[in-house]
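Q: just need the structure, nothing else, for what follows:
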Amino acid sequence: MDRKEATAERITNTLEAIERITGEIKEASSLIITCHIHPEGDGIGSMLALMHALTAMGKRCDAICSDGIPRMLEFLPGSDAVKRDSMDEYDVIIAVDVSSKDRLAIPTVSLERILSKCKVSICIDHHIVEEPFGDICWVDDKAPATGLMVYKLIKHMGVDVTPQIAICLYTAILTDTGSFRFENTTSECLCVASELVRYGANPSLAAHHIFERKHNGALKLWGRALMRLRVDEGIAWTWLKLHDFEETGALNEDVEGLINLLRGIDGTSVVVLFREIDKGNVKVSLRSFGDVDVADVAKRFGGGGHRMASGCIVEGMTMRKAIRLMLKTLKEEMTKRVTACSGGVEAEGCD
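A: Residues are numbered from 1 along each chain as shown. From the prediction side, this is the model:
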């Protein structure tokens, strides 16, 4: 069967995946790396770290992100080398922190051309999807961040972890663990973070740019979201519309981190941020404390993610209708769980 028609091979064994990917990288002379659309710290940090590593190996390597680099991540070394598109051909394409083809941060026309010319496509991600991208798809849904997976790959390839690589990977892990506050924080990622600091990563620098530094427009945008905050039956939610961005001068990337602030509201099981991305389409970000599998909820709307952090896009609806539908779905899910637990039905995590 032609490689372009083959189904992606999902590999969950870490050593097998690393050895397969290392072999393909060593045989290639030119590679392109990308992440997902609307990127954040894990995607950008993993992409840049791998770019530095492949360049050190003597490979011709381009990093592509059609949305550009978020302002808060411009401090990362190599961010100014990231392109929005490419007309070149490559032996290998590597996608990090994304395993769905339709979410790759490469313009569609260029992506199809690159895939038709490349020899191997590789995915490195910690999100489970039904139809993964890549000839080789390394998925580890237990990993707290893709940056941790990329770190293991770089070490296996024998590349020295420079301060430039270290700060990129540290940022990747820092952002996806919420500054090591989220439930996905493991002893392994803390040990790796310590090693990255030893290699030259500056924790203070990363924390300042990601969590502390906000421009005026971003703060005004957050203020609007907080003024609209609603809490009902264990669900906290708020919303932002297109005119909020226009009137405050905020960018799409300025929403990053807002939903994590909402996680601190007492008495809530789920927090939701609704954001109008264009007329009739609403992006929904969901966070849970484990009582509700928000990844399952997001999948019903064509999205995905993790049990306690997910997202989706509700299409063809006004903001009001999207909020009503999502809240109805969440409340039904929460009611089912309470019924299962109180009725003596065995359900994982009910105790």
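Q: list the buried ones in the helix or strand where residue 283 lies?
A: Assigned by DSSP states H and E, residue 283 belongs to strand 281-288. Residues of strand 281-288 classed as buried by neighbour count (16 or more other Cβ atoms under 10 Å): 282-288. The way it works is simple: take the backbone N, C-alpha and C, and place the C-beta from them, glycine included.
Q: next: stretch 299-307.
A: 299, 301, 303-307.
Q: distance to residue 125 and pLDDT added to those, as a markdown table?
A: A markdown table is the format used below for those (distance: Cβ to Cβ, whole Å; pLDDT from 0 to 100):
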| residue | distance to residue 125 | pLDDT |
| --- | --- | --- |
| 299 | 16 | 90 |
| 301 | 20 | 92 |
| 303 | 15 | 86 |
| 304 | 11 | 82 |
| 305 | 11 | 81 |
| 306 | 12 | 82 |
| 307 | 16 | 85 |
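Q: restricted to strands, list the residues you listed.
A: Among the buried residues of stretch 299-307, DSSP state E puts 304-306 in strands.
Q: closest to residue 313 out of these?
A: Using Cβ to Cβ, residue 304 comes nearest to residue 313 of these, at 11.2 Å.
Q: follow-up on the earlier one: could you dump the buried residues of strand 281-288 to a markdown table with pLDDT?
A: Output for those, formatted as a markdown table (pLDDT from 0 to 100):
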| residue | pLDDT |
| --- | --- |
| 282 | 96 |
| 283 | 94 |
| 284 | 96 |
| 285 | 94 |
| 286 | 94 |
| 287 | 92 |
| 288 | 90 |
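Q: and these, which two are furthest apart?
A: 282 and 288 (19.1 Å).
Q: residue contacts, residue 30?
A: By Cβ atoms under 8 Å, 6 or more residues apart in numbering, the contact set of residue 30 is 59-61, 88-92.
Q: all strands for the stretch 101-250 of the chain, in order.
A: Counting by DSSP state E, counting those that start in this stretch, the stretch 101-250 of the chain has strands at residues 120-125, 136-139, 230-232, 235-240.
Q: of the ones you listed, give the one that comes closest to residue 329.
A: The closest of the strands of the stretch 101-250 of the chain to residue 329 is strand 235-240. By Cβ to Cβ, the value is 10.6 Å.
Q: just list what that closest one packs against, helices and strands only.
A: Packing partners of strand 235-240 (3 or more Cβ pairs under 8 Å, 6 or more residues apart in numbering; DSSP states H and E): helix 216-227, strand 230-232, strand 270-278, helix 319-342.
Q: how far does the third one sit from its chain's centre?
A: The reference is to strand 270-278. Chain-centre distance of strand 270-278: 16 Å, with Cα atoms, centre = their mean, to the nearest Å.
Q: and residue 47, how far from residue 41?
A: Here residue 47 is placed at a distance of 11 Å from residue 41 (Cβ to Cβ, to the nearest Å).
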